[in-house]
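Q: What shape does this take:
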Amino acid sequence: MRAMADPVRLDRMFFALADAHRRGMLDRLSRGPASVSELAEPLGIALPSAVKHLAVLEQGGFVASQKLGRVRTYTAQPKALDEMEAWVARRKTLLNAQFDRLDAYLAEQKGKATR
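A: Here you go, the predicted structure:
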C-alpha cells in the first residue's frame, strides 16, 4: 500500500495551484523550460511578482530552477502531480464506495416498500 501523502506538502501543492498566474506558468512550462521574463510577459505581470509565484511553485515541487549567469530558467517537474493524483484517486475511491453502499441501501429499502 502506498504511504499517505504529507499533509503539509499537499497544502503547499494545492496552494500553488490555487492561483491562475501560477497555473498559467505551469501551462507554459509544459512546453519546455523558460526564463522568468518568458513566463511573466504573456501573463502581464512584473518580474518581481513572477519570481514570487515561481517560488511558490518551487516550494510545491512543481518547478525546478537553474541559474546561468543572470538568467534563471525554470522547468516543470511533472512527477509532482503524481502525489496529488494519488490523493485525489484515494478520495474518489472512498466516495464511490460510499455511493455504492447508498445505492444498495436504497435498493433494499425500495424492495421492502414494494413487498
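Q: biggest helix in the chain, by residue count?
A: Assignment by DSSP state H gives helix 80-113 as the longest helix of the chain.
Q: Which positions within it qualify as buried?
A: Ala80, Leu81, Glu83, Met84, Trp87 (16 or more other CB atoms under 10 Å). (Glycine included, C-beta is placed from N, CA and C.)
Q: got any ranges where the chain has weak pLDDT?
A: For the chain, residues meeting the criterion pLDDT under 70 lie at 1-4.
Q: For Ser35, give me phi and psi.
A: phi -80, psi 170 (degrees, to the nearest 10).
Q: and what of Thr73?
A: Torsion angles, degrees, to the nearest 10, at Thr73: phi -110, psi 140.
Q: That one: neighbouring residues, count only.
A: 16 (other CB atoms under 10 Å).
Q: can you pull the contacts of it?
A: With contact taken as CB atoms under 8 Å, 6 or more residues apart in numbering, Thr73 is in contact with Pro33, Ala34, Ser35, Ser65, Gln66, Lys67.
Q: From those residues, list just the buried residues.
A: Among the contacts of Thr73, the ones that count as buried by 16+ other CB under 10 Å are Ala34, Ser35, Ser65.
Q: for the helix or strand where the last one lies, packing partners?
A: Read that as Ser65. Assigning secondary structure by DSSP states H and E places Ser65 in strand 63-68. With contacts taken as 3 or more CB pairs under 8 Å, 6 or more residues apart in numbering; DSSP states H and E, strand 63-68 sits against helix 20-29, helix 47-59, strand 71-76.
Q: if you set the cut-off to 10 Å instead, what comes out?
A: Judged by 3 or more CB pairs under 10 Å, 6 or more residues apart in numbering; DSSP states H and E, strand 63-68 is in contact with helix 20-29, strand 34-35, helix 47-59, strand 71-76.
Q: quick one on the thing from earlier: farthest-separated two in the contacts of Thr73?
A: Longest distance between any two of the contacts of Thr73 is 13.8 Å, between Ala34 and Lys67; criterion CB to CB.
Q: re the thing from before, what's the closest of the helices and strands packed on strand 63-68 to Glu108?
A: Closest to Glu108 of the helices and strands packed on strand 63-68, according to CB to CB: helix 20-29, at 44.3 Å.
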